[in-house]
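> Here is my input; please provide its structure:
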Amino acid sequence: MSSRETQLALQIDTGVKEMAKVILKASGLTVRDAGNDLLTRVISSDDIPFVVSRDPELRAIGITETMRRHFGLDGKEWPIASGETKPMCIHLDKGLFEAAQKKLDDYGVPPATLFRAFLSQCAYEMRLPY
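Sure, this is the predicted structure:
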């Protein structure tokens, strides 16, 4: 890890983590890339750039029929959460992290909570939530 990076540690459900990684990879992003993009959006918009929702209209909105067949999903329910949490570390740009953290402090949202919510929403919608 270079001096221009910081490491964010969080606990996350293993099923959510794996599904989010699949969605990010399909979008051409690593967790690190998506994390730095999320921080940039927080800084530029002075807001949290997505809504945490379990609205049934958003469930798997980003999934194609091919993906449904691949994952064996019927469109009504599918396993996202495994019920087992494990630690996860994300390497992020230190400057972006520090600038975004100042904005997040105004909302009372710790960065780990933001990232856990972001990854959960990616897994729920099966797309980037913004």
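
> ok, then the element right after the lowest-mean-pLDDT helix or strand in the chain?
Least confident helix or strand, the chain: helix 65-71 with a mean of 69, by mean pLDDT, DSSP states H and E. Proceeding N to C from helix 65-71, the next assigned helix or strand is strand 85-93, under DSSP states H and E.

> Ala117 is in contact with Leu104, correct?
No. Counting by CB atoms under 8 Å, Ala117 is not a contact partner of Leu104; they are 11.5 Å apart. Placement of C-beta: from N, CA and C, glycine included.

> tally of neighbours for the closest residue to Arg127 other than its chain neighbours?
Leaving out its chain neighbours, the residue that sits closest to Arg127 by CB to CB, 6 or more residues apart in numbering is Gly62, at 2.5 Å. Around Gly62 there are 16 other residues, counting by other CB atoms under 10 Å.

> Which helix or which strand is home to Gly62?
Residue-wise, Gly62 maps onto no helix or strand under DSSP H and E.

> Could you pull up the residues touching it?
Gly62 makes contact with 23, 125-128, according to CB atoms under 8 Å, 6 or more residues apart in numbering.

> could you show me where the helices are in the chain, in order?
14-26, 31-45, 65-71, 94-107, 111-125 (DSSP state H).

> Just give me the lowest mean pLDDT stretch among those helices.
Among the helices of the chain, helix 65-71 carries the lowest mean pLDDT, a mean of 69.

> coming back round to it: tell me the confidence at the residue nearest to Arg127?
pLDDT, Gly62: 70.
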